[in-house]
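Undergrad: Give the three-dimensional model of this entry:
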Amino acid sequence: MGYHIIANFPSNRNYKGTLKVYDDSGKLIFGPKDALGRGSNDEANGKDHTNWKLQNADIPTGVANTVIHNVGGSVSSYGPHKRVWLNKAVSGNFLIAEKNGRSEIMIHSGDPATDTSLTWYPLRPTLGCIRLSNDDQKALIDVLVKNGGSGKITINEI
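TA: Modelled structure (predicted):
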C-alpha cells in the first residue's frame, strides 16, 4: 500500500499550481488542491528565487520518495500538522538539486499570506518547499497515513 503525489506548477512559480494524490491502483484520493512551489528571494541566491539548484529557491521538477515527518519548528512557518519530507531524489532536476545540497524539501502548511493582491494568495512562498493551506495539509496527512505513510512524488512544470 502506498501513494503517488502529483504536483503541477507553472513555469512562473509566482503562480499557484495543484497537488493531487493517487493510490496504488491509480484512483484519485486527494485533490486537486492549490499548492505553491515558489521559493524565497534569499540574499544568498542574489534574491533570485527561480534558480531551483540553489537552497531556498523554487521547487525543482522530478521524482522523489516521500515519508511523513513529525511536526516541528515554527508553527507560523511550517503549520501545526505533520509534513511530507521529499527525502530521496529519484530523477530529474530534483536529483540535481539534491546533489547541490538541497535535502530539506517538504510539503507543509503555515500562516497564510495577508496581501490579497499577490498572485499566490492565500498561500505564501517558502524556503524551497511546497506549501498547502493548513486545512489541506491536515487532510493530506490523513490520506497519506491511510495509504501506508510512504510513497513518491512527481513534480511537473506545466
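Undergrad: since we're on Asn70, how many residues are nearby?
TA: Residues near Asn70, counting by other Cβ atoms under 10 Å, number 7. Any C-beta I mention is one placed from the backbone N, CA and C, and that applies to glycine too.
Undergrad: what's the closest non-adjacent residue to it?
TA: In space, and not counting its chain neighbours, Asn70 is closest to Lys82: 6.0 Å by Cβ to Cβ, 6 or more residues apart in numbering.
Undergrad: Spit out the contact partners of the one you found.
TA: 68-71, 141 (Cβ atoms under 8 Å, 6 or more residues apart in numbering).
Undergrad: Looking at those residues, which are in strands?
TA: 68-69 (DSSP state E).
Undergrad: For the contacts of Lys82, give me CSV that also has pLDDT.
TA: Putting the contacts of Lys82 into CSV (pLDDT from 0 to 100) gives the following:
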residue, pLDDT
Ile68, 96
His69, 94
Asn70, 93
Val71, 92
Ile141, 98
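Undergrad: Please produce a PyMOL select command covering the buried subset of the contacts of Lys82.
TA: Typed into PyMOL, the next command selects the buried ones out of the contacts of Lys82 (criterion: 16 or more other Cβ atoms under 10 Å):
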select buried, resi 68+69+141
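Undergrad: So which of the contacts of Lys82 is the closest to Asp42?
TA: The shortest approach to Asp42 among the contacts of Lys82 belongs to His69, at 22.3 Å (Cβ to Cβ).
Undergrad: Does that closest one touch Leu86 like I think?
TA: No: counting by Cβ atoms under 8 Å, His69 does not reach Leu86; the two are 9.7 Å apart.
Undergrad: list the residues that contact both of these two?
TA: By Cβ under 8 Å, 6+ apart, the residues touching both His69 and Leu86 are Met106.
Undergrad: quick one, phi/psi of the closest residue to Tyr121 other than its chain neighbours?
TA: Leaving aside its sequence neighbours, Tyr121 sits nearest to Ala113 (Cβ to Cβ, 6+ apart; 5.0 Å). Dihedral pair for Ala113: phi -70, psi 150, per degrees, to the nearest 10.
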